[in-house]
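Q: sequence below, structure please.
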Amino acid sequence: MIVLRGGLFMETWWCGPVLAAAVLLNLSVLAQAQVGIFEGHKDIGTLLHPGNTIYDAAQGTYTVSGSGDNMWFGTDNFQLAWKKLSGDVAITADINFVGTKGNAHRKAALLLRQSLEPNSVYVDVARHGNGLTSLQYRDATGADTHEVETAVDGPERVRIERRGDYAYVFVGDRTGKLRFSGSAMRVALTGEFYVGIGVCSHDKDATETAVFSHVTIEPLGAAGTKPALWSTLETVKVASTDRLVAYSAPEHFEAPNWSRDGHSLLINHDGAMERFTLGGTAAPELIKTAPQMHVNNDHGLSPDGAMLAISDQGDGRSRIYVLSASGGTPRLVTPEGPSYWHGWSPDGKTLAFTGQRAGEFDIYTVPAGGGTETRLTSAKGLDDGPEYTPDGTKIYFNSERTGTMQIWRMNADGSGQEQVLEETSNDWFPHISPDGKWMVYLAYKPGVSGHPGGEDVEIRLMSLPDQKVKVLAKLYGGQGTMNVPSWSPDSTRIAFVSYALLAGPQ
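A: Numbering: from 1, shown residues only. Predicted coordinates:
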């Protein structure tokens, strides 16, 4: 006996083995049949309850029902309606769940997927039952899924664009106007891939349904001669590598510092210092630093959070000043320049900085109250990015003395200089966690000189006890991404800035 379940009919057939095989083949073809603009639909993975996709031509809607444990970890279970494409493409839709009592983590998604295998490389924008909207991705076959959460709760209209190896998520409202969410990820899809819509119940015993309307799939042309630059303030969890967008805007800002109470982040923007309150929706607020209004991306808070060090280049050469963290009139610390601040000693009495003297960039220290500077390095080549360990005994920095930029450390008096790790990448700006257990740094591809912006970079994490390294984030950025200390006070997260060059709906 074979029971066919196609949504429109249910019949019971008694038949022999040959006829049974033929019927099963027809059932498979039925599941792959074209539905609206999609070439077929099917369940991905093994589902306890078969899913379905129904197209209403009169309404222009797709009703997708899916079961499945999850779209996460190394494999997925969900219903997918798909179309096979290649090149740069965007898919856009309004998404609404049917009913309000399902699992809070049920997902309705717009997907770009390398294959129809359950462990495929993919990237999507997923609306969750509780309103969470995030970019989810698996960047290698069978790897765990990770995400970049948007700061927008329950947008009705969403869009995901694939441009080269990057995917970008846009969110919108009932007016249909879309805006870049700040969520972006580098996920390589090769040749032809699958573009579609899908639903997962996040409960193997249940089936959830979502309605997708105003669905469009469109090829994308070049970004244009003058694409807009977007900056996105993000945080990433050390334990999971999952990312959260805090704030995104079509402007250029840089280099977050985490406040000592963990409630806000400081950035520099157009020569000014600003404070963004985490969890809020308001734009960052200005920190008064006048007359120093040419602040660059080398700045940071004192250990007690009361003072702020800035590097200002108003006279054409960067020099270091200190002021109240709440704003005020800066006091000059380094009359000579260029001088670029990078670290406070744990007792708040000394500043570590990079200075160019007689044509050479080296590491220096100077009393925070002002006074004579002390040179700590003298090797040929650039030394940069000095930062104290939490106990004050050592200073980590990056140096190109071996021919490529690598991470080094030394005793706080400059003695005992040694290379920390050796990589083929060019590594910059080591930052030590407040608990002393971790170091993060910015890795450029081999052959990249200096620390320019507009590069594919990685934020890497090294466990200091065993020197094991893993990738925390892949992004488009570089200069301005993570120049200065950006650890959360509890050592669980890093703040950074990613960038995007975008044209079209923003």
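Q: low-confidence ranges in this protein?
A: When residues are selected by pLDDT under 70, those of the chain lie in 1-32, 174, 223-225, 504-506.
Q: can I see the domain layout of it?
A: 1-32, 36-219, 252-497 (automatic domain parsing).
Q: among those, which is nearest Val236?
A: domain 252-497 (5.2 Å; C-beta to C-beta). From N, CA and C alone the C-beta is placed, and that goes for glycine too.
Q: and the end-to-end length of that closest one?
A: 10 Å (C-alpha to C-alpha, to the nearest Å).
Q: output stretch 455-464 as CSV, nothing but the C-alphas.
A: This file holds the C-alpha atoms of stretch 455-464, laid out as CSV (Å, rounded to 0.1, in the frame of the first residue of the first chain):
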residue,chain,number,x,y,z
GLU,A,455,40.5,44.7,2.7
ASP,A,456,39.2,41.2,3.5
VAL,A,457,40.5,40.7,7.0
GLU,A,458,40.0,38.4,9.9
ILE,A,459,39.8,39.0,13.6
ARG,A,460,41.7,36.1,15.2
LEU,A,461,41.6,34.9,18.8
MET,A,462,44.6,33.3,20.6
SER,A,463,44.4,31.5,23.9
LEU,A,464,47.4,32.7,25.8
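Q: that older thread, any chance of CSV for the domains of the chain, columns mean neighbour count and distance to Val236?
A: What follows is those, written out as CSV (neighbours: other C-beta atoms under 10 Å; distance: least, C-beta to C-beta, whole Å):
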stretch, mean neighbour count, distance to Val236
domain 1-32, 11, 39
domain 36-219, 20, 9
domain 252-497, 18, 5
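Q: make CSV out of these and add distance to Val238.
A: Formatted as CSV, the domains of the chain follow (distance: least, C-beta to C-beta, whole Å):
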stretch, distance to Val238
domain 1-32, 42
domain 36-219, 13
domain 252-497, 6
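Q: and Leu229, which of these is closest to it?
A: Nearest of those (C-beta to C-beta): domain 252-497, 5.9 Å.
Q: now do the closest one: distance to the chain's middle.
A: 20 Å (C-alpha atoms, centre = their mean, to the nearest Å).
Q: with stretch 62-72 instead?
A: With C-alpha atoms, centre = their mean, you get 25 Å for stretch 62-72.
Q: quick check: end-to-end length of that stretch?
A: 24 Å.
Q: coming back round to it: to Glu234, which of the domains of the chain lies closest?
A: domain 252-497 (5.8 Å).
Q: strands paired with the longest strand anywhere in the chain, and their directions?
A: With DSSP state E setting the assignment, residue counts place strand 208-219 as the longest strand in the chain. Note on strand 208-219: by DSSP bridges, its sheet partners are strand 61-66 (antiparallel), strand 89-97 (antiparallel).
Q: can I get the ones you listed in TSV with distance to Ser345?
A: Shown next, in TSV, are the strands paired with strand 208-219 (distance: least, C-beta to C-beta, whole Å):
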stretch	distance to Ser345
strand 61-66	56
strand 89-97	50
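Q: if we can go back for a sec, out of the domains of the chain, the one nearest Leu244 is which?
A: domain 36-219 (4.6 Å).
Q: the closest one: end-to-end distance?
A: 18 Å.
Q: just the element for Met293, please.
A: Using DSSP states H and E, Met293 maps to neither a helix nor a strand.
Q: okay, and the beta partners of Leu85?
A: Phe193.
Q: what's the spacing between stretch 232-249 and its chain's center?
A: The answer for stretch 232-249 is 6 Å, by C-alpha atoms, centre = their mean.
Q: let me redo that: stretch 57-76
A: Between the centre of stretch 57-76 and the centre of its chain there are 25 Å (C-alpha atoms, centre = their mean).
Q: what's the span of it, first residue to last?
A: 29 Å.
Q: can you map out the helices along the chain?
A: Assigned by DSSP state H, the helices in the chain fall at 17-32.
Q: re the thing from before, list the contacts of the longest strand of the chain.
A: 36-37, 59-67, 83, 85, 87-99, 102-103, 106, 108, 127, 129, 157, 176, 195, 197, 199-202 (C-beta atoms under 8 Å, 6 or more residues apart in numbering).
Q: can you do 6 Å?
A: 61-65, 89-98, 102, 106, 108, 195, 197, 199, 201 (C-beta atoms under 6 Å, 6 or more residues apart in numbering).
Q: same deal with stretch 348-356?
A: 302-303, 320, 338-343, 361, 364-366, 368, 384, 386, 395.
Q: which of those residues fall in strands?
A: Reading strands off the contacts of stretch 348-356 with DSSP E, I get 320, 339-343, 361, 364-366, 384, 386, 395.
Q: which of these sits closest to Pro446?
A: Closest to Pro446, out of all of the ones in strands among the contacts of stretch 348-356 and judged by C-beta to C-beta, is Asp384, at 18.4 Å.
Q: bridged to the closest one, which residues?
A: Asn398.
Q: ok, Lys394 next?
A: What pairs with Lys394, by the bridge criterion (DSSP bridges), is Asn411.
Q: okay, it and Val484: tell me how far apart.
A: 18 Å (C-beta to C-beta, to the nearest Å).
Q: what do you get for Val169?
A: 28 Å.
Q: ok, Val245 next?
A: With C-beta to C-beta as the criterion, Val245 and Val484 are 20 Å apart.
Q: check Lys237 too.
A: 20 Å.
Q: same check, this time on Ser248
A: 20 Å.
Q: residues in a beta bridge with the closest residue to Phe78 other than its chain neighbours, which ones?
A: Using C-beta to C-beta, 6 or more residues apart in numbering and skipping the chain neighbours, the partner closest in space to Phe78 is Cys200 (3.7 Å). In this entry, Cys200 is beta-bridged to Lys107, by DSSP bridges.
Q: hmm, Cys200 is touching Lys107, no?
A: Yes: under the criterion of C-beta atoms under 6 Å, Cys200 makes contact with Lys107 at 4.8 Å.
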